[in-house]
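Enquirer: Have a look at this fold, sequence not included:
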């Protein structure tokens, strides 16, 4: 009896030590396979006891985590099943002849589109290589040649105008000296210098122009030496020329001077009064609007 009693005491001491000491990690705990399983008790062979509430809590957490995944899988399966069912119904309801007819229509539309593109290409080729197309191409090339010639000529004229404009002060000075010493016999021998310079500039294309009475005074070619009211001439027209201008093929090197009309003085006063009246009415309307806004 003594040896048996000693082994029993050793087993009881081991069980008590397992109950008192905390587990080293979560691996010391085991989940019961079922909630309804009977709780394990401390055995004489050192098996750690397991509380039944631990198994219940862990089992509940696992079931809660599994529920959303199961619901999502059910929804996806239902949606795919509905789509497959709709496709099957549509395939059953559609007549094979209708399907074949749709396919034929698509092929015919593609053929028509390709034929239209081919027709447009052929029409363009016919127009390009026909007699009318050849004549059109010749006219186009001739016009391009003329445009290049005109541009080149215009560039040359513009360059000559820039150069001759620098000699205008010299020509003006010679003319002024000739006028000053007109009666001097010695000065008459040098008058040829003025004529030679003027002739040389004219040989380079310089021409004179003047303002035409009653014509519109173009600000690119005429400068107003004087402006005055006139009942006989419209506003902005030339009343009388004052001095001649100089140009080279449309490139002005000296603008002509003239007297420009301001129009009828009576009409000018009437327009001024009308403008002042409109401005006063506008100011009154703005003041009334501001007053209404302040009242509101």
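Expert: Cool, got the structure. Keep in mind that what you see is a predicted model, and the values were worked out from it rather than measured.
Enquirer: Skip ahead from the worst-scoring helix or strand of the chain on mean pLDDT and say which helix or strand is next.
Expert: When each helix and strand of the chain is scored by mean pLDDT, DSSP states H and E, helix 52-93 comes last, with a mean of 55. Using DSSP states H and E, the next helix or strand after helix 52-93 towards the C-terminus is helix 96-129.
Enquirer: Mind listing what's buried along that next one?
Expert: For helix 96-129, a neighbour-count test (16 or more other Cβ atoms under 10 Å) marks nothing as buried. Placement of C-beta: from N, CA and C, glycine included.
Enquirer: Toward the C-terminus from that helix, list the very next helix or strand.
Expert: Remark: after helix 96-129, the chain's next helix or strand is helix 131-165, criterion DSSP H and E.
Enquirer: Show me what that following helix is packed up against.
Expert: Packed against helix 131-165 by the contact rule (3 or more Cβ pairs under 8 Å, 6 or more residues apart in numbering; DSSP states H and E) you find strand 245-248, strand 251-254.
Enquirer: okay if I get those strands as a markdown table plus distance to residue 199 and mean neighbour count?
Expert: Below are the helices and strands packed on helix 131-165 laid out as a markdown table (distance: least, Cβ to Cβ, whole Å; neighbours: other Cβ atoms under 10 Å):
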| stretch | distance to residue 199 | mean neighbour count |
| --- | --- | --- |
| strand 245-248 | 14 | 21 |
| strand 251-254 | 16 | 18 |
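Enquirer: so who does residue 248 touch?
Expert: Contact partners of residue 248, counting by Cβ atoms under 8 Å, 6 or more residues apart in numbering, are 157, 160-161, 164, 204-207.
Enquirer: Could you do residue 264 as well?
Expert: The contact partners of residue 264, taken as Cβ under 8 Å, 6+ apart, are 229-231.
Enquirer: Surely residue 170 touches residue 197?
Expert: Yes. Between residue 170 and residue 197 there is a contact at 6.8 Å, judged by Cβ atoms under 8 Å.
Enquirer: Neighbour count: these two, which is higher?
Expert: Neighbours per residue (other Cβ atoms under 10 Å) separate residue 170 from residue 197, with residue 197 holding more: 15 against 12.
Enquirer: pretty sure that one is in a strand, no?
Expert: No. Using DSSP: H, G, I helix; E, B strand; the rest coil, the assignment for residue 197 is helix, not a strand.
Enquirer: Tell me the spacing between it and residue 208.
Expert: Using Cβ to Cβ, to the nearest Å, we find residue 197 at a distance of 15 Å from residue 208.
Enquirer: Residue 293 too?
Expert: Distance of residue 293 to residue 208, computed by Cβ to Cβ: 65 Å.
Enquirer: Of the contacts of residue 264, which is the nearest to residue 271?
Expert: Ranked by distance to residue 271 (Cβ to Cβ), those are led by residue 229 at 12.6 Å.
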